[in-house]
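Engineer: Structure of the sequence below:
(2 chains)
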Amino acid sequence: MTTLRVKVWRGAENGRFQEFEVPRLESQTVLDVVTHIQRSLDPTLSYRFACRVGMCGSCAMTVNGRARWTCRTHVANVAADNSLEIAPLANLPVVKDLVADMTLFFDKWAKARGKFHPTKTRRDGFARVAPDSAERLLVDAAIECIGCSVCYSSCDVVAWNPDYLGPAALNRAWTLHNDVRDGARRERLAAVAGDAGCHACHTHMSCSERCPKQLAPTASIAGLKRATAAAALKGEL
Amino acid sequence: MRNDWRARNHPAYWAFLVHRVSGALLTAFLPLHFWVLGQALQGEAGLESFLRWTDQPLVKAGETVLVLLLSAHLAGGVRLLMLEFLAWREWQKGLAAAAGALTLAAALAFVLNVL
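Structural biologist: Next up is the predicted model:
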(Lines give C-alpha, C1' and ligand atoms only; values in the text may rest on other atoms or scores of the structure.)
Protein backbone atom coordinates (compact mmCIF):
# COMPACT_ATOMS: atom_id res chain seq x y z
CA MET A 1 0.00 0.00 0.00
CA THR A 2 1.24 3.50 -0.83
CA THR A 3 1.96 5.72 2.13
CA LEU A 4 1.77 9.47 2.46
CA ARG A 5 4.59 11.39 4.12
CA VAL A 6 2.79 14.02 6.20
CA LYS A 7 4.43 16.89 8.06
CA VAL A 8 2.07 18.30 10.68
CA TRP A 9 2.58 21.47 12.73
CA ARG A 10 2.82 20.71 16.45
CA GLY A 11 2.73 23.16 19.34
CA ALA A 12 1.81 26.82 19.30
CA GLU A 13 3.47 29.76 17.52
CA ASN A 14 6.99 28.46 18.23
CA GLY A 15 6.27 24.87 17.34
CA ARG A 16 7.77 22.58 14.70
CA PHE A 17 6.69 20.09 12.05
CA GLN A 18 6.34 16.43 13.06
CA GLU A 19 6.40 13.72 10.39
CA PHE A 20 3.87 10.90 10.12
CA GLU A 21 3.30 8.12 7.63
CA VAL A 22 -0.35 7.68 6.66
CA PRO A 23 -1.84 4.98 4.40
CA ARG A 24 -2.89 6.42 1.04
CA LEU A 25 -6.55 5.62 0.34
CA GLU A 26 -8.85 6.20 -2.59
CA SER A 27 -10.88 9.46 -2.51
CA GLN A 28 -8.98 10.48 0.61
CA THR A 29 -9.33 14.07 1.78
CA VAL A 30 -6.77 16.06 3.76
CA LEU A 31 -9.20 16.02 6.69
CA ASP A 32 -9.23 12.20 6.46
CA VAL A 33 -5.43 12.26 6.76
CA VAL A 34 -5.51 14.49 9.86
CA THR A 35 -8.25 12.36 11.40
CA HIS A 36 -6.23 9.18 10.78
CA ILE A 37 -3.23 10.71 12.54
CA GLN A 38 -5.30 11.73 15.56
CA ARG A 39 -7.24 8.48 15.87
CA SER A 40 -4.50 5.98 15.05
CA LEU A 41 -1.07 7.59 15.51
CA ASP A 42 -1.16 10.43 18.03
CA PRO A 43 -4.33 11.21 20.00
CA THR A 44 -2.81 14.46 21.33
CA LEU A 45 -3.08 16.12 17.91
CA SER A 46 -5.51 19.05 18.02
CA TYR A 47 -7.52 20.16 14.99
CA ARG A 48 -10.96 21.55 14.29
CA PHE A 49 -13.78 20.27 12.11
CA ALA A 50 -17.55 19.82 12.25
CA CYS A 51 -19.67 19.15 9.15
CA ARG A 52 -17.11 17.40 6.84
CA VAL A 53 -19.12 18.51 3.80
CA GLY A 54 -17.97 22.08 3.12
CA MET A 55 -20.71 23.92 4.96
CA CYS A 56 -19.42 24.93 8.38
CA GLY A 57 -16.06 26.49 7.51
CA SER A 58 -14.26 25.13 10.56
CA CYS A 59 -11.65 22.78 9.05
CA ALA A 60 -9.54 25.28 7.07
CA MET A 61 -5.77 24.75 7.34
CA THR A 62 -2.65 25.54 5.37
CA VAL A 63 -1.97 22.61 3.06
CA ASN A 64 1.35 22.59 1.19
CA GLY A 65 1.60 26.34 1.72
CA ARG A 66 -1.94 27.32 0.68
CA ALA A 67 -5.00 27.89 2.84
CA ARG A 68 -7.69 25.34 1.98
CA TRP A 69 -10.86 23.75 3.36
CA THR A 70 -9.48 20.33 4.22
CA CYS A 71 -12.78 18.39 4.13
CA ARG A 72 -13.24 19.11 0.43
CA THR A 73 -9.57 18.98 -0.55
CA HIS A 74 -8.69 15.64 -2.08
CA VAL A 75 -5.19 14.37 -1.41
CA ALA A 76 -4.93 13.44 -5.09
CA ASN A 77 -5.19 17.13 -6.02
CA VAL A 78 -2.55 18.47 -3.65
CA ALA A 79 0.00 15.71 -2.97
CA ALA A 80 1.48 14.91 -6.36
CA ASP A 81 4.58 13.29 -4.79
CA ASN A 82 2.67 11.70 -1.90
CA SER A 83 3.84 14.30 0.58
CA LEU A 84 1.77 16.80 2.54
CA GLU A 85 2.65 19.70 4.80
CA ILE A 86 -0.25 20.68 7.04
CA ALA A 87 -0.09 23.80 9.20
CA PRO A 88 -2.63 26.03 10.98
CA LEU A 89 -4.06 29.01 9.07
CA ALA A 90 -1.63 31.90 8.59
CA ASN A 91 -2.29 35.44 9.88
CA LEU A 92 -4.04 34.13 13.01
CA PRO A 93 -2.57 33.20 16.42
CA VAL A 94 -2.00 29.47 16.87
CA VAL A 95 -3.82 27.91 19.83
CA LYS A 96 -2.25 24.46 19.44
CA ASP A 97 -1.19 22.27 16.51
CA LEU A 98 -3.67 22.89 13.66
CA VAL A 99 -6.09 25.06 15.64
CA ALA A 100 -5.94 28.79 14.90
CA ASP A 101 -7.55 31.38 17.16
CA MET A 102 -10.42 32.85 15.11
CA THR A 103 -11.35 35.55 17.66
CA LEU A 104 -9.80 38.47 15.81
CA PHE A 105 -11.24 37.27 12.49
CA PHE A 106 -14.81 37.36 13.80
CA ASP A 107 -14.24 40.52 15.87
CA LYS A 108 -13.47 42.24 12.58
CA TRP A 109 -16.87 41.19 11.17
CA ALA A 110 -18.40 43.13 14.07
CA LYS A 111 -16.07 46.10 13.45
CA ALA A 112 -17.18 46.15 9.81
CA ARG A 113 -20.79 46.36 11.03
CA GLY A 114 -21.47 42.87 9.78
CA LYS A 115 -24.78 42.74 11.64
CA PHE A 116 -28.16 43.28 9.95
CA HIS A 117 -29.99 46.37 11.20
CA PRO A 118 -33.72 45.90 10.57
CA THR A 119 -35.91 48.82 9.59
CA LYS A 120 -39.19 47.04 10.34
CA THR A 121 -40.63 45.09 13.25
CA ARG A 122 -42.11 41.62 13.47
CA ARG A 123 -45.55 43.18 13.21
CA ASP A 124 -44.80 44.47 9.69
CA GLY A 125 -45.41 42.33 6.63
CA PHE A 126 -42.71 40.41 4.75
CA ALA A 127 -40.21 42.57 2.89
CA ARG A 128 -40.42 42.06 -0.84
CA VAL A 129 -37.05 41.86 -2.58
CA ALA A 130 -37.26 41.03 -6.28
CA PRO A 131 -34.81 38.17 -7.03
CA ASP A 132 -33.72 39.91 -10.23
CA SER A 133 -33.23 43.37 -8.70
CA ALA A 134 -29.75 44.86 -9.07
CA GLU A 135 -29.11 44.89 -5.31
CA ARG A 136 -30.28 41.30 -4.80
CA LEU A 137 -28.02 40.09 -7.62
CA LEU A 138 -25.03 41.78 -5.95
CA VAL A 139 -25.93 40.14 -2.64
CA ASP A 140 -26.34 36.74 -4.34
CA ALA A 141 -22.81 36.93 -5.75
CA ALA A 142 -21.27 37.36 -2.30
CA ILE A 143 -23.63 35.80 0.25
CA GLU A 144 -22.43 32.18 0.29
CA CYS A 145 -19.45 32.87 2.60
CA ILE A 146 -19.01 30.11 5.21
CA GLY A 147 -16.60 32.10 7.42
CA CYS A 148 -13.71 29.66 7.00
CA SER A 149 -11.05 32.43 7.04
CA VAL A 150 -9.19 31.02 4.03
CA CYS A 151 -9.33 34.49 2.41
CA TYR A 152 -8.16 36.23 5.59
CA SER A 153 -5.33 33.76 5.97
CA SER A 154 -4.26 34.23 2.32
CA CYS A 155 -4.29 38.04 2.45
CA ASP A 156 -0.94 39.85 2.60
CA VAL A 157 -2.54 43.13 3.65
CA VAL A 158 -3.76 41.42 6.84
CA ALA A 159 -0.13 40.47 7.56
CA TRP A 160 1.11 44.02 6.78
CA ASN A 161 -1.62 45.85 8.70
CA PRO A 162 -3.00 43.86 11.65
CA ASP A 163 -5.95 46.27 11.92
CA TYR A 164 -7.09 45.61 8.33
CA LEU A 165 -10.64 44.29 8.44
CA GLY A 166 -9.86 41.64 5.83
CA PRO A 167 -11.73 40.20 2.84
CA ALA A 168 -14.43 38.22 4.67
CA ALA A 169 -15.60 41.07 6.93
CA LEU A 170 -15.62 43.52 4.00
CA ASN A 171 -17.46 41.00 1.83
CA ARG A 172 -20.08 40.72 4.58
CA ALA A 173 -20.35 44.52 4.78
CA TRP A 174 -20.92 44.62 1.01
CA THR A 175 -23.80 42.13 1.18
CA LEU A 176 -25.48 44.22 3.90
CA HIS A 177 -24.80 47.45 2.00
CA ASN A 178 -26.85 45.99 -0.84
CA ASP A 179 -29.60 44.68 1.45
CA VAL A 180 -32.51 47.05 0.78
CA ARG A 181 -34.04 46.16 4.18
CA ASP A 182 -30.99 47.29 6.15
CA GLY A 183 -31.04 50.58 8.04
CA ALA A 184 -27.36 51.16 8.85
CA ARG A 185 -25.79 51.67 5.43
CA ARG A 186 -24.20 55.04 6.20
CA GLU A 187 -22.72 53.84 9.52
CA ARG A 188 -21.42 50.71 7.81
CA LEU A 189 -19.75 52.70 5.02
CA ALA A 190 -18.12 54.89 7.68
CA ALA A 191 -16.91 51.73 9.47
CA VAL A 192 -15.25 50.33 6.34
CA ALA A 193 -13.90 53.60 4.91
CA GLY A 194 -10.99 54.11 7.36
CA ASP A 195 -7.29 53.24 7.09
CA ALA A 196 -7.97 49.62 7.98
CA GLY A 197 -11.00 49.35 5.69
CA CYS A 198 -11.66 48.70 2.02
CA HIS A 199 -9.17 51.30 0.73
CA ALA A 200 -6.29 49.40 2.37
CA CYS A 201 -6.80 46.53 -0.11
CA HIS A 202 -3.91 46.24 -2.58
CA THR A 203 -5.92 44.08 -4.99
CA HIS A 204 -3.58 41.08 -4.79
CA MET A 205 -6.75 39.01 -5.24
CA SER A 206 -5.38 36.17 -3.12
CA CYS A 207 -8.77 36.08 -1.36
CA SER A 208 -10.63 35.53 -4.63
CA GLU A 209 -8.02 33.05 -5.83
CA ARG A 210 -8.23 30.89 -2.71
CA CYS A 211 -11.91 31.17 -1.64
CA PRO A 212 -13.21 27.58 -1.54
CA LYS A 213 -16.72 28.84 -2.35
CA GLN A 214 -15.29 30.65 -5.39
CA LEU A 215 -16.56 33.99 -4.21
CA ALA A 216 -14.71 37.16 -5.20
CA PRO A 217 -14.18 39.30 -2.09
CA THR A 218 -12.05 41.56 -4.31
CA ALA A 219 -15.23 42.45 -6.22
CA SER A 220 -17.04 43.23 -2.96
CA ILE A 221 -14.14 45.38 -1.75
CA ALA A 222 -14.06 47.22 -5.10
CA GLY A 223 -17.80 47.84 -4.66
CA LEU A 224 -17.22 49.26 -1.18
CA LYS A 225 -14.43 51.49 -2.54
CA ARG A 226 -16.86 52.93 -5.10
CA ALA A 227 -19.68 53.26 -2.55
CA THR A 228 -17.50 55.02 0.05
CA ALA A 229 -16.04 57.34 -2.60
CA ALA A 230 -19.54 58.23 -3.82
CA ALA A 231 -20.74 58.80 -0.24
CA ALA A 232 -17.74 61.04 0.48
CA LEU A 233 -18.44 63.10 -2.65
CA LYS A 234 -22.03 63.57 -1.50
CA GLY A 235 -20.79 64.65 1.94
CA GLU A 236 -22.34 61.63 3.66
CA LEU A 237 -19.11 60.35 5.21
CA MET B 1 2.19 31.58 11.12
CA ARG B 2 3.14 33.50 8.00
CA ASN B 3 2.62 32.71 4.34
CA ASP B 4 5.48 32.03 1.94
CA TRP B 5 5.68 32.23 -1.87
CA ARG B 6 3.39 29.20 -2.27
CA ALA B 7 0.42 31.21 -1.02
CA ARG B 8 1.26 34.11 -3.35
CA ASN B 9 1.97 32.16 -6.52
CA HIS B 10 -0.99 33.16 -8.71
CA PRO B 11 -1.43 35.50 -11.72
CA ALA B 12 -3.00 38.47 -9.89
CA TYR B 13 -0.17 38.51 -7.34
CA TRP B 14 2.40 38.45 -10.14
CA ALA B 15 0.52 41.34 -11.76
CA PHE B 16 0.73 43.23 -8.45
CA LEU B 17 4.48 42.57 -8.20
CA VAL B 18 5.12 43.74 -11.77
CA HIS B 19 3.12 46.91 -11.09
CA ARG B 20 4.89 47.62 -7.81
CA VAL B 21 8.44 46.84 -9.02
CA SER B 22 7.99 48.79 -12.28
CA GLY B 23 6.65 51.74 -10.26
CA ALA B 24 9.60 51.65 -7.86
CA LEU B 25 12.17 51.44 -10.70
CA LEU B 26 10.50 54.27 -12.63
CA THR B 27 10.53 56.41 -9.50
CA ALA B 28 14.23 55.69 -9.12
CA PHE B 29 14.78 56.74 -12.77
CA LEU B 30 12.80 59.96 -12.46
CA PRO B 31 15.65 62.10 -10.93
CA LEU B 32 17.91 61.13 -13.89
CA HIS B 33 15.10 62.08 -16.30
CA PHE B 34 14.76 65.51 -14.71
CA TRP B 35 18.54 65.98 -14.62
CA VAL B 36 18.72 65.36 -18.38
CA LEU B 37 15.87 67.80 -19.02
CA GLY B 38 17.70 70.27 -16.78
CA GLN B 39 20.69 70.16 -19.18
CA ALA B 40 18.61 72.25 -21.59
CA LEU B 41 18.89 75.12 -19.11
CA GLN B 42 22.68 75.09 -19.58
CA GLY B 43 22.36 75.52 -23.33
CA GLU B 44 21.47 73.54 -26.41
CA ALA B 45 24.93 72.04 -26.95
CA GLY B 46 25.13 70.24 -23.62
CA LEU B 47 21.76 68.55 -24.07
CA GLU B 48 22.49 67.71 -27.69
CA SER B 49 25.79 65.99 -26.86
CA PHE B 50 24.09 63.98 -24.14
CA LEU B 51 21.29 62.93 -26.50
CA ARG B 52 23.90 61.80 -29.05
CA TRP B 53 25.55 59.74 -26.28
CA THR B 54 22.20 57.98 -25.77
CA ASP B 55 22.35 56.66 -29.36
CA GLN B 56 24.78 53.94 -28.20
CA PRO B 57 23.38 50.42 -28.46
CA LEU B 58 23.73 49.76 -24.72
CA VAL B 59 21.80 52.91 -23.84
CA LYS B 60 19.13 51.97 -26.39
CA ALA B 61 18.85 48.59 -24.67
CA GLY B 62 18.39 50.47 -21.40
CA GLU B 63 15.71 52.63 -23.02
CA THR B 64 13.93 49.49 -24.15
CA VAL B 65 13.82 48.31 -20.55
CA LEU B 66 12.50 51.76 -19.62
CA VAL B 67 9.73 51.50 -22.23
CA LEU B 68 8.94 48.01 -20.94
CA LEU B 69 8.65 49.35 -17.37
CA LEU B 70 6.52 52.31 -18.46
CA SER B 71 4.13 50.21 -20.52
CA ALA B 72 3.94 47.58 -17.75
CA HIS B 73 3.05 50.25 -15.20
CA LEU B 74 0.54 51.91 -17.52
CA ALA B 75 -1.16 48.66 -18.54
CA GLY B 76 -1.17 47.43 -14.93
CA GLY B 77 -2.69 50.71 -13.81
CA VAL B 78 -5.42 50.57 -16.45
CA ARG B 79 -6.16 46.99 -15.36
CA LEU B 80 -6.53 48.14 -11.73
CA LEU B 81 -8.77 51.06 -12.69
CA MET B 82 -11.00 48.72 -14.73
CA LEU B 83 -11.11 46.27 -11.84
CA GLU B 84 -12.08 48.90 -9.27
CA PHE B 85 -14.27 51.32 -11.21
CA LEU B 86 -16.06 49.22 -13.82
CA ALA B 87 -18.41 46.28 -13.34
CA TRP B 88 -16.71 43.10 -12.10
CA ARG B 89 -15.74 40.61 -14.77
CA GLU B 90 -15.02 36.94 -14.30
CA TRP B 91 -12.07 37.08 -16.69
CA GLN B 92 -9.75 39.03 -14.38
CA LYS B 93 -6.88 36.74 -15.33
CA GLY B 94 -7.64 37.58 -18.97
CA LEU B 95 -7.32 41.27 -18.07
CA ALA B 96 -3.93 40.64 -16.46
CA ALA B 97 -2.84 38.69 -19.55
CA ALA B 98 -4.05 41.54 -21.81
CA ALA B 99 -2.01 44.00 -19.72
CA GLY B 100 1.03 41.74 -20.18
CA ALA B 101 0.45 41.49 -23.93
CA LEU B 102 0.10 45.28 -24.24
CA THR B 103 3.35 45.72 -22.31
CA LEU B 104 5.33 43.37 -24.53
CA ALA B 105 3.78 44.84 -27.69
CA ALA B 106 4.84 48.37 -26.67
CA ALA B 107 8.41 47.27 -25.87
CA LEU B 108 8.63 45.30 -29.14
CA ALA B 109 7.35 48.28 -31.13
CA PHE B 110 10.10 50.41 -29.56
CA VAL B 111 12.82 47.87 -30.36
CA LEU B 112 11.65 47.47 -33.97
CA ASN B 113 11.64 51.23 -34.34
CA VAL B 114 15.23 51.46 -33.05
CA LEU B 115 16.63 48.60 -35.17
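Engineer: contacts, neighbours, all on C-alpha from now
Structural biologist: Fine.
Engineer: give me every residue that touches the residue positioned nearest the centre of chain B.
Structural biologist: Nearest residue to the geometric centre of chain B (Cα atoms, centre = their mean): residue B:69, 1.7 Å. Contacts for residue B:69 (Cα atoms under 8 Å, 6 or more residues apart in numbering or on different chains) come out as B:22-23, B:25-26.
Engineer: Buried ones among those?
Structural biologist: B:22-23, B:26 (16 or more other Cα atoms under 10 Å in any protein chain shown).
Engineer: Now, the residues you listed that are in helices?
Structural biologist: Those of the buried ones among the contacts of residue B:69 mapping onto helices are B:22-23, B:26, per DSSP state H.
Engineer: thinking again about what came up before, redo the buried ones among the contacts of residue B:69 as TSV? Include distance to chain A and pLDDT.
Structural biologist: TSV is the format used below for the buried ones among the contacts of residue B:69 (distance: Cα to the nearest Cα, whole Å; pLDDT from 0 to 100):
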residue	distance to chain A	pLDDT
B:22	16	97
B:23	14	98
B:26	19	97
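Engineer: which ones are touching residue 4?
Structural biologist: Using chain A here. Residue A:4 neighbours (Cα under 8 Å, 6+ apart): A:21-24, A:82-84.
Engineer: look at chain B instead
Structural biologist: Per Cα under 8 Å, 6+ apart, neighbours of residue B:4: residue A:65.
Engineer: quick one: pLDDT of it?
Structural biologist: Predicted confidence (pLDDT) for residue B:4: 96.
Engineer: do you know how far it is from residue A:190?
Structural biologist: Here residue B:4 is placed at a distance of 33 Å from residue A:190 (Cα to Cα, to the nearest Å).
Engineer: isn't there a strand covering the residue nearest to the centre of chain B?
Structural biologist: No - assessed with DSSP: H, G, I helix; E, B strand; the rest coil, residue B:69 is helix; it does not lie in a strand.
Engineer: Okay, residue A:40 and residue A:61: tell me how far apart.
Structural biologist: Looking at residue A:40 against residue A:61, where the rule is Cα to Cα, the gap reads 20 Å.
Engineer: more neighbours, these two?
Structural biologist: A side-by-side neighbour count of residue A:40 and residue A:61, using other Cα atoms under 10 Å in any protein chain shown, places residue A:61 first with 29 against 9.
Engineer: can you tell me if the host helix or strand of that one touches chain B.
Structural biologist: Here residue A:61, judged by DSSP states H and E, is contained in strand A:60-63. No - using Cα under 8 Å from any Cα of the partner chain, strand A:60-63 stays clear of chain B, coming no nearer than 9.0 Å.
Engineer: for the record, mean pLDDT for the top helix by length along chain A?
Structural biologist: Taking DSSP H as the criterion, chain A has its longest helix at helix A:217-233. The average pLDDT within helix A:217-233 is 96.
Engineer: Run the chain-centre distance for it.
Structural biologist: The chain centroid and the centroid of helix A:217-233 are separated by 20 Å under Cα atoms, centre = their mean, to the nearest Å.
Engineer: Just name whatever secondary elements it is in contact with.
Structural biologist: The helices and strands touching helix A:217-233, judged by 3 or more Cα pairs under 8 Å, 6 or more residues apart in numbering or on different chains; DSSP states H and E, are helix A:167-177, helix A:185-192, helix A:206-210, helix B:57-85.
Engineer: which residues are in contact with the second one?
Structural biologist: Read it as helix A:185-192. A:111-113, A:165, A:170, A:173, A:176-177, A:197-198, A:224, A:227-228, A:236-237.
Engineer: ok, 7 Å please
Structural biologist: Here helix A:185-192 makes contact (Cα atoms under 7 Å, 6 or more residues apart in numbering or on different chains) with A:111-113, A:173, A:177, A:198, A:228, A:237.
Engineer: Now do that helix against helix A:167-177: the angle between them, please.
Structural biologist: In terms of direction (axes from the mean of the first three to the mean of the last three Cα atoms, to 10 degrees), helix A:185-192 departs from helix A:167-177 by 160 degrees.
Engineer: What are the buried residues along helix A:185-192?
Structural biologist: Buried positions in helix A:185-192, judged by neighbour count with 16+ other Cα under 10 Å: A:185, A:188-192.
Engineer: And for the shortest one?
Structural biologist: Residues A:206-210 are the ones in helix A:206-210 that count as buried (16+ other Cα under 10 Å).
Engineer: filter those residues down to the ones near chain B?
Structural biologist: Restricting the buried residues of helix A:206-210 to those near chain B by Cα under 7 Å from any Cα of the partner chain leaves residue A:206.
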